[in-house]
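**Q** 3D, please:
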Amino acid sequence: MADQQEQTDVLYNGDCPVCSVEIDHYARLSQRRDLPVRFDDLNACDLARWGVDADQAARRLHVRHKGEVLSGIPAFLVLWSQMPGYRWLGRIVGLPGLRQLATLVYDHLLAPLLYRWHLRRVRRQG
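**A** Numbering: from 1, shown residues only. Predicted coordinates for the structure are as follows:
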């Protein structure tokens, strides 16, 4: 396995049905290919290691790579660059224009929608 500097860490919300399906897929792929990618469920890890609280972590995907923590589309781009079969997606989404559009959609539509869904689940459980 790669050293810490080469490893990519992914912080995600395992209680989110959409997030967990997607990330579980990446985790299985990573395990099958013995990739240097580690997955932290925000509900079962030390968030202080990430420098975020539970609310910040639940709002968007976070990835730590080469010592830098990224979130949102930049985090997805790093994750996809590590995943065989998804590198092409990262290259396309990373293109000028598409990256900005993907960021707008993620930041203003998808992430807020998933976060509101998360808050409803938390209230129902509470």
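
**Q** Report the contact partners of the residue nearest the centre of the chain.
**A** The centre of the chain sits closest to Leu61, judged by CA atoms, centre = their mean, with a distance of 3.3 Å. Residues counted as contacts of Leu61 (CB atoms under 8 Å, 6 or more residues apart in numbering) are 10-12, 19, 71-72, 75-76, 79. (C-beta placed from N, C-alpha, C; glycine too.)

**Q** how far away is Arg123 from Trp117?
**A** 11 Å (CB to CB, to the nearest Å).

**Q** Those two - which one has more neighbours?
**A** More crowded of Arg123 and Trp117, by other CB atoms under 10 Å: Trp117, with 14 against 8.

**Q** give the contact list for that one.
**A** 16, 18.

**Q** List the buried residues of the helix or strand where it lies.
**A** Assessed by DSSP states H and E, Trp117 sits inside helix 111-125. Residues of helix 111-125 classed as buried by neighbour count (16 or more other CB atoms under 10 Å): 111, 114-115, 118.

**Q** With stretch 96-115 instead?
**A** Applying 16+ other CB under 10 Å to stretch 96-115 flags 102, 106, 111, 114-115 as buried.
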